[in-house]
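Student: this is the structure alone, sequence omitted:
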């Protein structure tokens, strides 16, 4: 399969590169202090501060407050915003501030729903990192809150704002590969670890607040920072972490942003020792109502899209096709055009101003992560599932249905 050359890729994205700075997103307005969006950051680890830097990088945003349960993260985030930025250990205190227009949420997954819902109730717009939620029920509650309080809500599945993925999905939706047959998404294996001993939390960490709605567990370095991803109590492994990227693109190509799969069949190999409980390897086959199948595997990384007349491979910075000319003929004026965003953060800020829904609205985030969660449920139970995407119910399997939500540790609740 022919890959685009560096020259071709840069030529195609030259226009997009000019739109990466946020000040240009409000045409006709002189950028001044009164025009700025006042934001707060909740969860200030690497991802949270990265989002914060990107959101304020164009000059349209100022951060008045940051929040983290770990003092080291909190002070670092304050230092990135100057002496006027207030630090909080409890997100509710930050949300009580009337001067904050929007928040970005960069906490572990098990905190996304409660914080996002509280932010909507407090009248804040939300940029929330993917995967959107820990469970499907939590995700639906987030959509309900965003709609009830009329909030702009961008899910951080930023591949929708990258040229290669947008172009690939437009090609598929316009029949350039013939009738769409199946898609392979590769999202990576999950690691294993040993039985490192539990210990006291590091100085400045509120471990009880870090756990929040998750069940109680003693502090262990593997449950903290990056490695939280490999525990079902806090996340869903790469099936939700990378799946919220590549399976999101698969559903965009299919046209399933308001629906989802109807059959799910997952298998996996789980660790036989150590603390992590997500499967080391796995494969999930999804079937959609139009007959298209998506096979999500732990082996490799990328998206392969197959039709009756050709195929496309797409990944970050990579696009190729077979035959080669599939990707060489541009999309025409009369063709199907998908929502185009040239910068995920700028798109969110533009929508904060216009009150339109962004490219990866909370409903889109829910539908994409729903497929990922259903895959994990099928893998954990070791049997296929039938899903009703309209009623958002697992059909005829009471045990599996119990996995659509999780109990929360008191006093936390939806």
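Tutor: Sure, I can see it. In this text the structure is predicted, and so the values were computed from the model without any measurement.
Student: isn't residue 380 up against residue 403?
Tutor: Yes: contact criterion CB atoms under 8 Å: residue 380 and residue 403 qualify, at 7.3 Å. Where you see a C-beta, it was placed from the backbone N, CA and C, and this is true even at glycine.
Student: and the gap between residue 82 and residue 63?
Tutor: Distance check for residue 82 against residue 63: by CB to CB, to the nearest Å, it reads 9 Å.
Student: oh, I was asking about residue 257
Tutor: Taking CB to CB, one finds residue 257 at 31 Å from residue 63.
Student: hey, where'd the helices end up in the chain?
Tutor: 6-17, 46-56, 71-79, 91-95, 112-121, 136-148, 163-173, 207-211, 238-241, 243-254, 344-354, 362-381, 398-401 (DSSP state H).
Student: and the third one, how far out from the chain's middle?
Tutor: What that stands for is helix 71-79. Distance of helix 71-79 from its chain centroid, counting by CA atoms, centre = their mean, to the nearest Å, is 24 Å.
Student: pretty sure residue 42 is touching residue 100, no?
Tutor: No: here residue 42 does not reach residue 100: they are 10.4 Å apart, not a contact under CB under 8 Å.
Student: low-confidence stretches in the stretch 101-250 of the chain?
Tutor: Counting by pLDDT under 70, the stretch 101-250 of the chain shows no low-confidence range.
Student: give me the more crowded residue out of residue 257 and residue 63.
Tutor: residue 63 (25 against 19; other CB atoms under 10 Å).
Student: quick one: pLDDT of that one?
Tutor: What the model reports as pLDDT for residue 63 is 98.
Student: for it, give me its contacts.
Tutor: With contact taken as CB atoms under 8 Å, 6 or more residues apart in numbering, residue 63 is in contact with 38-41, 52, 56, 81, 85.
Student: now flag whichever of those residues is closest to residue 117.
Tutor: residue 40 (15.7 Å; CB to CB).
Student: how much space between the closest one and residue 146?
Tutor: Counting by CB to CB - residue 40 and residue 146 are separated by 17 Å.
Student: could you do residue 175 as well?
Tutor: 34 Å.
Student: of these two, which one has the most company?
Tutor: The neighbour comparison of residue 175 against residue 146 (other CB under 10 Å) goes to residue 146, with 24 against 14.
Student: show me the contacts for the residue nearest to that one when sequence neighbours are not counted.
Tutor: Spatial nearest neighbour of residue 146, chain neighbours left out: residue 153 (4.3 Å); criterion: CB to CB, 6 or more residues apart in numbering. Residue 153 makes contact with 116, 120, 125-128, 142, 146, 358, 361-362, 365 under the criterion CB under 8 Å, 6+ apart.
Student: equivalent analysis for residue 85, please.
Tutor: 63-66, 77-78.
Student: if you set the cut-off to 7 Å instead, what comes out?
Tutor: Contact analysis of residue 85 by CB atoms under 7 Å, 6 or more residues apart in numbering lists 63-66, 78.
Student: now do residue 364
Tutor: 155, 257.
Student: repeat that for residue 282.
Tutor: By CB under 7 Å, 6+ apart, the neighbours of residue 282 are 239, 266-268, 298, 379.
Student: report the two of these separated the most.
Tutor: Going by CB to CB, the pair spanning the contacts of residue 282 furthest: 239 and 267, at 12.1 Å.
Student: higher neighbour count, these two?
Tutor: More crowded of residue 239 and residue 267, by other CB under 10 Å: residue 239, with 29 against 15.
Student: how far away is the more buried one from residue 80?
Tutor: Taken as CB to CB, the span from residue 239 to residue 80 is 32 Å.
Student: ok, now which ones touch the residue nearest to residue 319 when sequence neighbours are not counted?
Tutor: Nearest-residue entry for residue 319: residue 164, 4.5 Å, with adjacent residues in sequence omitted and distances by CB to CB, 6+ apart. Applying CB under 7 Å, 6+ apart, we find residue 164 in contact with 314, 317-319.
Student: mind listing what the closest residue to residue 188 other than its chain neighbours touches?
Tutor: Excluding its sequence neighbours, the residue lying closest to residue 188 (CB to CB, 6+ apart) is residue 238, at 4.4 Å. Applying CB under 7 Å, 6+ apart to residue 238 gives the contacts 187-190, 298.
Student: and the residues you listed as JSON lines, adding distance to residue 262 and neighbour count?
Tutor: What follows is the contacts of residue 238, written out as JSON lines (distance: CB to CB, whole Å; neighbours: other CB atoms under 10 Å):
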{"residue": "187", "distance to residue 262": "21", "neighbour count": "28"}
{"residue": "188", "distance to residue 262": "26", "neighbour count": "18"}
{"residue": "189", "distance to residue 262": "27", "neighbour count": "18"}
{"residue": "190", "distance to residue 262": "26", "neighbour count": "24"}
{"residue": "298", "distance to residue 262": "23", "neighbour count": "22"}
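Student: now the residues you listed in CSV, with distance to residue 198?
Tutor: Formatted as CSV, these follow (distance: CB to CB, whole Å):
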residue, distance to residue 198
187, 30
188, 28
189, 26
190, 21
298, 29
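Student: what is the most widely separated pair among those?
Tutor: 187 and 190 (9.8 Å).
Student: what's the local residue count around residue 297?
Tutor: 16.
Student: sorry, that was for residue 53
Tutor: 15.
Student: returning to what we had before: please indicate which of the contacts of residue 164 are buried?
Tutor: Those of the contacts of residue 164 that meet the buried threshold are 314, 319, by 16 or more other CB atoms under 10 Å.
Student: got the domain ranges for the chain?
Tutor: 2-159, 160-330+370-404 (automatic domain parsing).
Student: possible to save those domains as TSV with distance to residue 338?
Tutor: Output for the domains of the chain, formatted as TSV (distance: least, CB to CB, whole Å):
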stretch	distance to residue 338
domain 2-159	13
domain 160-330+370-404	5
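Student: hang on, residue 406 packs against residue 133?
Tutor: No: Residue 406 is beyond contact range of residue 133, at 10.3 Å (criterion: CB atoms under 7 Å).
Student: between those two, which has more neighbouring residues?
Tutor: residue 133 (29 against 17).
Student: residues contacting the spatially closest residue to the more buried one that is not a sequence neighbour?
Tutor: In space, residue 133 comes closest to residue 139 once its chain neighbours are excluded; the distance is 3.7 Å by CB to CB, 6+ apart. Applying CB under 7 Å, 6+ apart, we find residue 139 in contact with 132-133, 366, 369-370.
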